[in-house]
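# pasting the structure only:
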């Protein structure tokens, strides 16, 4: 397997202030985990800044302009109670878009087998015209539209195992059966969406978990709801919104997953990609706020991508 990591130093320059869980140290934790000997054959590429036209496929120009104008000259500006911007935040978000689109390019062309994008800010809470939940642009959604528009991959599946429901991804594709969205997440919990009866145009599968749920409930949600729906959809590309805040150590929720669960879920997504789309899979970092849990989870996730 050829796996490529997309990264950039600017992701650590998106500042969120003291005590904020979505902090620059997350990038250091990920980088440190991937410095181990097991990752010596991991391909690495510095992300270029994304094309704003790619963003316009998911967000209106007026929204993008509003976010650009909100960038402070110094210090922090607050978009809502949780979502902040610093002078480099817009550039970081655009490099996250660039990384995601480059990962799609590499996988779609067959240059690599799969890719992992270690970027921040995360993206799955950003709705068409609303920044929220630490997110500015809906990176996974933008990557899916890029795959369709540039590579002609008609059916794209996005699978989200972040502990928080990806309301932004769901919002963008609510009425579009060409993109499948599935999510496991704790409920009730921020952002309050993700009930089983939220099905969009029949393309959305939500599998909410209860606080305290762990391995058994998580894997059963995949086996009974998500995997059969994925096989029925038959995607041309699989995108994973890889949040690791369902780890038992994470401070923002109460799901009790371990590194072994993320390894298992990665293998299942790779199997789906092998069955339907020649293994094409792109993984994008979303949440994960305990640095030890994040590092360990990313390590098993990327190792599985590399080894199959």
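Sure thing, it's come through. Just so it is clear, the model here is predicted, and its values are computed rather than measured.
# have a look at the chain and report its longest strand.
Using DSSP state E to define each element, the chain has its longest strand at strand 179-186.
# pLDDT below threshold where in this structure?
Within the chain, no range satisfies pLDDT under 70.
# can you tell me the SS state at the residue nearest to the spatial centre of it?
The centroid of the chain falls nearest to residue 241 when counting by CA atoms, centre = their mean (2.8 Å). Following DSSP: H, G, I helix; E, B strand; the rest coil, residue 241 is assigned to strand.
# any idea how far residue 31 is from it?
Distance, residue 241 to residue 31, by CB to CB, to the nearest Å: 20 Å. Backbone N, C-alpha and C define where each C-beta goes, glycine included.
# list the residues that contact residue 289.
The contact partners of residue 289, by CB atoms under 8 Å, 6 or more residues apart in numbering, come to 21, 22, 26, 245, 250, 251, 252.
# quick check: bridge partners of the residue nearest to the centre of the chain?
Applying DSSP bridges to residue 241 gives these bridge partners: residue 160, residue 284.
# show me the contacts for it.
If a contact means CB under 8 Å, 6+ apart, then residue 241 has 123-124, 140, 158-162, 166, 169, 183, 284, 286 as its contacts.
# now the strands for the stretch 51-200 of the chain?
Taking DSSP state E, counting those that start in this stretch, the strands of the stretch 51-200 of the chain run over residues 77-78, 84-85, 114-117, 156-160, 179-186.
# after the longest strand of the chain comes which helix or strand?
strand 204-209 (DSSP states H and E).
# list the buried ones in the next helix or strand after that following strand?
Sequence order places helix 215-221 as the next helix or strand after strand 204-209, per DSSP H and E. Buried residues in helix 215-221, counted by 16 or more other CB atoms under 10 Å: 217, 218, 219, 221.
# please flag which of the contacts of residue 289 sit within helices.
Within these, residues falling in helices by DSSP state H are residue 26.
# compare the contacts of residue 289 and tell me which is most surrounded.
Counting neighbours by other CB atoms under 10 Å, the top entry in the contacts of residue 289 is residue 245, with 27 neighbours.
# who's in contact with it?
Residues in contact with residue 245 (CB under 8 Å, 6+ apart) are 162, 163, 164, 252, 253, 286, 287, 288, 289, 290.
# state the distance from it to residue 186.
For residue 245 relative to residue 186 (CB to CB), the value is 9 Å.
# so what sits against both of those two?
Joint contacts of residue 245 and residue 186 (CB under 8 Å, 6+ apart) are 163, 164, 253.
# which one is the last one nearest to, not counting chain neighbours?
This points to residue 253. residue 163 (4.1 Å; CB to CB, 6 or more residues apart in numbering).
# what's around that neighbour, how many residues?
Using other CB under 10 Å: residue 163 sits among 28 other residues.
# doesn't residue 243 make contact with it?
Yes: using CB atoms under 8 Å, residue 163 is in contact with residue 243, at 6.3 Å.
# now for those two: what residues contact both?
With CB under 8 Å, 6+ apart as the test, residue 163 and residue 243 both reach residue 287.
# nearest to residue 295, out of the buried residues of helix 215-221: which one, please.
Nearest to residue 295 out of the buried residues of helix 215-221 is residue 218 (CB to CB; 20.2 Å).
# remind me what the longest helix seen in the chain packs against, helices and strands.
Secondary structure assigned by DSSP H gives helix 89-108 as the longest helix of the chain. Secondary-structure packing of helix 89-108 (3 or more CB pairs under 8 Å, 6 or more residues apart in numbering; DSSP states H and E): strand 3-7, helix 52-56, helix 61-69, strand 114-117, helix 139-151, strand 237-242, strand 281-285.
# show me what the fourth one is in contact with.
Pointing back at strand 114-117 there. For strand 114-117, using CB under 8 Å, 6+ apart, the contacting residues are 1, 3-6, 47, 96, 99-100, 103, 106-107, 139, 242, 270, 273, 279-285, 298, 301-302, 305.
# of those, select the buried ones using a PyMOL command.
Buried residues among these (16+ other CB under 10 Å), as a PyMOL selection:
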select buried, resi 3+4+5+6+47+96+99+100+103+106+107+139+242+270+273+279+280+281+282+283+284+285+298+301+302+305
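# report the angle between the longest strand of the chain and helix 139-151.
Computed by axes from the mean of the first three to the mean of the last three CA atoms, to 10 degrees, the angle separating strand 179-186 from helix 139-151 equals 160 degrees.
# mind giving me the packing neighbours of strand 179-186?
By 3+ CB pairs under 8 Å, 6+ apart, strand 179-186 packs against helix 139-151, strand 156-160, helix 167-173, strand 204-209, helix 227-233.
# re the thing from before, include distance to residue 192 when you put the contacts of residue 241 into JSON lines, please.
What follows is these, written out as JSON lines (distance: CB to CB, whole Å):
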{"residue": "123", "distance to residue 192": "18"}
{"residue": "124", "distance to residue 192": "14"}
{"residue": "140", "distance to residue 192": "20"}
{"residue": "158", "distance to residue 192": "20"}
{"residue": "159", "distance to residue 192": "21"}
{"residue": "160", "distance to residue 192": "16"}
{"residue": "161", "distance to residue 192": "19"}
{"residue": "162", "distance to residue 192": "15"}
{"residue": "166", "distance to residue 192": "13"}
{"residue": "169", "distance to residue 192": "15"}
{"residue": "183", "distance to residue 192": "13"}
{"residue": "284", "distance to residue 192": "23"}
{"residue": "286", "distance to residue 192": "17"}
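# many thanks, I have nothing further to ask.
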